[in-house]
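>>> Need coordinates for the below:
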Amino acid sequence: MKMLLHGILIFLIFIPQVFSQIKNPVVDLILPTETSELEYISKKLSKNNSFNIKTYINALPEEKHRGDLLIIVSDKLLPLMNTDSYSAKFALYVNSLNFKSKKLNNSSALFSDQPIQRQLLLLSHIFNKKIIVGIPYHNEFYKNVLKKESDNYSDLEFLIVKTEVDDIRTVSKVIQNSDVLLSTPENKIYNSQTIRSILLSSYRHQTAVIGPNEGFVTAGALASVATSSDQYIDELITIMEEYIKTNRLPKPKYPKNFVVKTNKNVAESLGIIISSEEQLVKIMKDD
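Numbers count the residues shown, from 1 in each chain. Purely as a prediction, here's the structure:
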């Protein structure tokens, strides 16, 4: 009995010492600038109990002060991932093709763009009839994806056209010959310099636009799929916890969860009756 009590006493003394030696990994979070939204990301990540966050702006900390894991936010900071100082590196809100072109070691990502298949699914549920879908593209990746997807949509006729950087004329011709313009996430085609001309052309020809992101909908596109900040952060936390628990780095991926954004004024001007954003999300997830 004395030996049993002695053993229990040693166990009770020893266990706290073991747990005190188990430290959460330190995560260096690099933000491109200081904004309220980016500060929100930092604060929400800091509340997680699986790791400890240290936040920096636009640059890595000195080598001697670096943590165990790295998170960068935005394409602008992708060059910072060319370092071997961390056991694993994570990119948040980066374009899928930009990330893949870097061929980074020990790295994963949660992409900023939505898969083109998801935008196509949204389009098919908004327009329940035979239509011509115009898709100007620059990167061959989108041509290949769309050709594979075309067999899944018998009611959609695809007009897939190669275009060069900032080639508004080609995009306008596609708009003239289509019922709907499906915009890819290619910044070389759709950017702050071209968006106004593209949307004005779509208004003139009464061609609906499915935008590559929420910003396009605000500017005048009919609809788009997007992922909220909370959805991004929650999924990033899941990815990181998976790595910490298993020591296996998840593959880079598009965000799993999403919302639908629509522009009711545009829908009304085009004479389109459109379901609520919540209903469209439900239909797409059930599909």
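>>> residues touching the closest residue to residue 57 other than its chain neighbours, list them.
Nearest residue to residue 57, sequence neighbours excluded (C-beta to C-beta, 6 or more residues apart in numbering): residue 31, at 5.6 Å. The C-beta positions use only the backbone N, C-alpha and C, and glycine is treated the same way. By C-beta atoms under 8 Å, 6 or more residues apart in numbering, the residues touching residue 31 are 38, 41-42, 55-58, 73.
>>> what's the answer for residue 183, then?
Residue 183 neighbours (C-beta under 8 Å, 6+ apart): 119, 189-190, 198, 209-212, 216, 221.
>>> and the two most separated of the contacts of residue 31?
By the measure C-beta to C-beta, 41 and 58 form the most distant pair in these, at 14.8 Å.
>>> now residue 71: how far from residue 229?
14 Å (C-beta to C-beta, to the nearest Å).
>>> can you check residue 251 too?
23 Å.
>>> of these two, who's got more company?
residue 229 (13 against 7; other C-beta atoms under 10 Å).
>>> I'd like the distance between the more buried one and residue 33.
For residue 229 relative to residue 33 (C-beta to C-beta), the value is 16 Å.
>>> all strands in this protein, in order from the N-terminus.
26-31, 52-57, 69-73, 88-94, 107-111, 131-137, 156-162, 180-182, 208-210, 223-226, 259-262 (DSSP state E).
>>> Please name the strands paired to the last one in the sheet, noting orientation.
The one in question is strand 259-262. The pairing partners recorded for strand 259-262 under DSSP bridges are strand 223-226 (antiparallel).
>>> Identify all contacting residues around the strand it pairs with.
With C-beta under 8 Å, 6+ apart, strand 223-226 has contacts from 114, 118-119, 122-123, 126, 210-214, 216-217, 258-263, 274, 280.
>>> let's see it at 7 Å
Around strand 223-226, the neighbours that count as contacts under C-beta atoms under 7 Å, 6 or more residues apart in numbering are 114, 118-119, 122, 126, 210-214, 216-217, 258-263.
>>> ditto for stretch 240-258
For stretch 240-258, with C-beta under 7 Å, 6+ apart as the criterion, the contacting residues are 25, 50-51, 88, 90, 96, 99, 106, 108-111, 114-115, 118, 225-227, 231-232, 235, 239.
>>> if we can go back for a sec, so can I have JSON lines of the strands of the chain showing mean pLDDT and distance to residue 243?
Conversion of the strands of the chain to JSON lines gives the following (pLDDT from 0 to 100; distance: least, C-beta to C-beta, whole Å):
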{"stretch": "strand 26-31", "mean pLDDT": "97", "distance to residue 243": "11"}
{"stretch": "strand 52-57", "mean pLDDT": "96", "distance to residue 243": "15"}
{"stretch": "strand 69-73", "mean pLDDT": "98", "distance to residue 243": "8"}
{"stretch": "strand 88-94", "mean pLDDT": "97", "distance to residue 243": "6"}
{"stretch": "strand 107-111", "mean pLDDT": "97", "distance to residue 243": "8"}
{"stretch": "strand 131-137", "mean pLDDT": "96", "distance to residue 243": "34"}
{"stretch": "strand 156-162", "mean pLDDT": "96", "distance to residue 243": "38"}
{"stretch": "strand 180-182", "mean pLDDT": "97", "distance to residue 243": "35"}
{"stretch": "strand 208-210", "mean pLDDT": "97", "distance to residue 243": "34"}
{"stretch": "strand 223-226", "mean pLDDT": "97", "distance to residue 243": "26"}
{"stretch": "strand 259-262", "mean pLDDT": "97", "distance to residue 243": "26"}
